[in-house]
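> model this:
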Amino acid sequence: SGRGILLNGNGASADLGSDSTVEMSGFYDGSGIDLMTGSGTFSADNLTVDVSGNRVYGIQEDGGSMNLGMGSTISATGTAETIWVNGGDFTASGLTVNTAQSTGINAQGGSDNVVVSVGEDSVVDGRNVGADGSTNGISATYAGFGSGTTTFNFNGSAANRNEIYAVNGYGASSQFSGQTMNISNTDITMSGDGKSRGLWAIGDNDMGSGGVINGDNLTIDMTAAGANSVGVEVQQGGIVNLTGNTTITTDGGVAIRNAYTTDSKGTFEPGGTITGSGNMTIEGDIVSDGWGSIDLTMDAQSNFTGATSVNADITDLDPDAYSTLNLTLANQAQWTVTDDSSLTDLTNDGKVVLASDMENGTYSTLDADTITLQDNSELDVDYAAAQASQGGTPLITGGTITLDGDLKVSDSEVSDLSDLTSDQQLSQGKIVLIDADSAINGNFSSLSMDSADQPDYLAFSGQINPNDDTQYLLGAGLSWYADSAST
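Take a look at the predicted model:
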């Protein structure tokens, strides 16, 4: 066991000035710098700490106050955290933290309150993975005893964003009640063959308390992460709140998830709560399969490409449980629905596109307890997909459905129209596009065709079924016969 610098309590303090270096090797455990409980202050600027050894921390702070100023670099190669703060406060900006087999920075409350503040232009880098095969970025955790809490502030700026890189682990995590992570203007990049999480909030198996992550202006890149990876995940009562400009990208995976989890005995556990607002760019699915909720409000210019799902059978597991997924799109926001999707509430004043690939016989459907299409909204559907759905569930189903805005119809199967001479050659009768549990409210204010792929002699018509006001019907005909107005 060894220590490069030790402040052994009793108010002990040190000021290293600028450009100091602490190096350690040949020890199994220890720390480059160790502030014990009751220590005073430690300050340095442009400090370098480089340690090796399985259980050797770069910095271990049990108390006191540490300020590393600007431009410090802390590196560790073992399974101990590069920086471990379980008492006192820690401050740095322009900080570089390198970890090979553990967590870059762990702020751990319990026996004492902990405040960690890392400012702009800081990097936590776990890409140089050691034998363990996984690394984590930053965490706010609980020691398992005591009433101390953790506040971890990891705040870049618009001009100098922070960065986190981790492999087969998590980017930023807040774990258990009383621990709060405030992270802003930060880019999180995950990679590896195993399961990774960009943001991961965990609670105490209680929906009323849990670790909290408040994220503002975040970018989370999961495109190089392994199977079953998730951009944002909550479980056991964890809470994530997203604001500002949020970008989450996956390679066909899950972007946001309220997780279904059980304990070692198979007992059903709570999921958590995720809220999001602002300009959001999401590539990947949004899934609420656990006990909890996801509520996203997307501002203008937001773009969501993916599917949604909600656990409609959650009360079978626990009568008090709920699983909700609510999505609100502002004018000029867009959701491209890439697969069959279910959610609790959809309020759309933007554009919803039901994607289809009829050459391969696939199309997407939408089901929600409540669907509200507002006056600026646009709903894009493929007539060929609507036809194909008639043997089963219509493209759009729901409990309560309110219509307004524009219904835009295209037809991906128009290759034989050069030989079309009569309406009789088109599919006869109107098909059910929308099927609600109760009478449909309102109506589309207009029905238009996608002029990019439609001949001008093909027209679509739509109306609420005069014999069943829970259905909206769609028809096609030649333009010199058909009425293309929505009624």
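> Show the average pLDDT along the helix or strand containing residue 106.
Element membership for residue 106, per DSSP states H and E: strand 103-109. Mean pLDDT, strand 103-109: 97.
> which residue ranges form the strands in the stretch 201-350 of the chain?
Taking DSSP state E, counting those that start in this stretch as the test, the strands found in the stretch 201-350 of the chain are 209-210, 212-224, 230-235, 238-243, 245-258, 261-262, 268-288, 291-298, 303-306, 308-310, 323-329, 334-337, 341-348.
> Which other helices and strands does the third one contact?
Secondary-structure packing of strand 230-235 (3 or more Cβ pairs under 8 Å, 6 or more residues apart in numbering; DSSP states H and E): strand 197-206, strand 212-224, strand 238-243, strand 245-258, strand 268-288. In short, each C-beta sits where N, CA and C put it, glycine included.
> Just send these back as a markdown table, with distance to residue 401, mean pLDDT and mean neighbour count too.
Formatted as a markdown table, the helices and strands packed on strand 230-235 follow (distance: least, Cβ to Cβ, whole Å; pLDDT from 0 to 100; neighbours: other Cβ atoms under 10 Å):
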| stretch | distance to residue 401 | mean pLDDT | mean neighbour count |
| --- | --- | --- | --- |
| strand 197-206 | 33 | 95 | 24 |
| strand 212-224 | 33 | 98 | 22 |
| strand 238-243 | 28 | 98 | 23 |
| strand 245-258 | 25 | 97 | 22 |
| strand 268-288 | 21 | 96 | 23 |
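> can I get those strands in a markdown table with distance to residue 403?
Below are these laid out as a markdown table (distance: least, Cβ to Cβ, whole Å):
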| stretch | distance to residue 403 |
| --- | --- |
| strand 197-206 | 36 |
| strand 212-224 | 35 |
| strand 238-243 | 30 |
| strand 245-258 | 28 |
| strand 268-288 | 24 |
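> Can you list the low-confidence ranges for the protein?
412-429, 451-457, 478-487 (pLDDT under 70).
> how about the helices of it, start to end?
383-388 (DSSP state H).
> How about the closest residue to residue 249 other than its chain neighbours: which residues does it bridge to?
Once flanking residues are discounted, residue 249 sits nearest to residue 283: 4.6 Å by Cβ to Cβ, 6 or more residues apart in numbering. On the basis of DSSP bridges, residue 283 is bridged to residue 249, residue 305.
> was I right about residue 283 contacting residue 305?
Yes - counting by Cβ atoms under 8 Å, residue 305 is a contact partner of residue 283 at 5.1 Å.
> quick one on the thing from earlier: among the strands of the stretch 201-350 of the chain, which comes closest to residue 11?
With Cβ to Cβ, the closest approach to residue 11 among those belongs to strand 212-224: 33.2 Å.
> which secondary structure elements does that closest one contact?
Secondary elements touching strand 212-224 (3+ Cβ pairs under 8 Å, 6+ apart): strand 170-175, strand 179-191, strand 197-206, strand 230-235, strand 238-243, strand 245-258.
> how distant is the fourth one from the center of its chain?
Average the C-alpha atoms of strand 230-235, do the same for its chain, and the two points are 6 Å apart (Cα atoms, centre = their mean, to the nearest Å).
> what angle do that strand and strand 245-258 make?
In terms of direction (axes from the mean of the first three to the mean of the last three Cα atoms, to 10 degrees), strand 230-235 departs from strand 245-258 by 50 degrees.
> Report the strands that pair with strand 230-235, each with its relative direction.
strand 197-206 (parallel), strand 245-258 (parallel).
> Dump those strands into CSV; add distance to residue 74 as well.
Shown next, in CSV, are the strands paired with strand 230-235 (distance: least, Cβ to Cβ, whole Å):
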stretch, distance to residue 74
strand 197-206, 23
strand 245-258, 28
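> For residue 466, find the nearest of these.
strand 245-258 (41.1 Å).
> how big is the angle separating the closest one from strand 268-288?
Put simply, strand 245-258 runs at 140 degrees to strand 268-288, going by the same axes, to 10 degrees.
> and the angle from strand 245-258 to strand 323-329?
160 degrees.
> how far does strand 245-258 sit from the chain's center?
5 Å.
> So what's the residue count around residue 144?
Applying other Cβ atoms under 10 Å, we find 9 residues neighbouring residue 144.
> shift numbering so it begins at 28
Happy to do that; since the first residue is 28 now, the last one works out to residue 171.
> Correct me if wrong: it contacts residue 136.
No - using Cβ under 8 Å, residue 171 is not in contact with residue 136; the gap is 10.4 Å.
> Touching, residue 467 and residue 495? I think so.
No - the pair residue 467 / residue 495 is not scored as a contact, 9.7 Å apart, by Cβ under 8 Å.
> Tell me who's in contact with the residue lying closest to residue 66 once chain neighbours are set aside.
In space, residue 66 comes closest to residue 91 once its chain neighbours are excluded; the distance is 3.3 Å by Cβ to Cβ, 6+ apart. Counting by Cβ atoms under 8 Å, 6 or more residues apart in numbering, residue 91 makes contact with 34, 40, 62, 63, 65, 66, 67, 68, 69, 114, 115.
> Nearest to residue 233 among those residues?
residue 114 (26.0 Å).
> ok, residue 30 to residue 244 distance?
Relative to residue 244, residue 30 is positioned 39 Å away (Cβ to Cβ, to the nearest Å).
> what's the answer for residue 360, then?
18 Å.
> Who has more neighbours out of residue 467 and residue 495?
With neighbours defined as other Cβ under 10 Å, residue 467 and residue 495 compare such that residue 467 has more, 21 against 14.
> The closest residue to residue 376 other than its chain neighbours: how many residues sit nearby?
In space, and not counting its chain neighbours, residue 376 is closest to residue 401: 4.0 Å by Cβ to Cβ, 6+ apart. Neighbours of residue 401 under the rule other Cβ under 10 Å: 18.
> same thing with residue 465?
Neighbours of residue 465 using other Cβ under 10 Å come to 11.
> contacting residues for it?
So residue 465 contacts 426, 427, 497 (Cβ under 8 Å, 6+ apart).
> Quick check on these: which are buried?
Listed as buried from these are 427, 497; burial here means 16 or more other Cβ atoms under 10 Å.
> what's the closest of the contacts of residue 465 to residue 185?
Nearest member of the contacts of residue 465 to residue 185, counting by Cβ to Cβ, is residue 427, at 41.6 Å.
> Spatially nearest residue to the closest one, not counting backbone neighbours?
Counting by Cβ to Cβ, 6+ apart, the residue nearest residue 427 is residue 397, at 4.9 Å.
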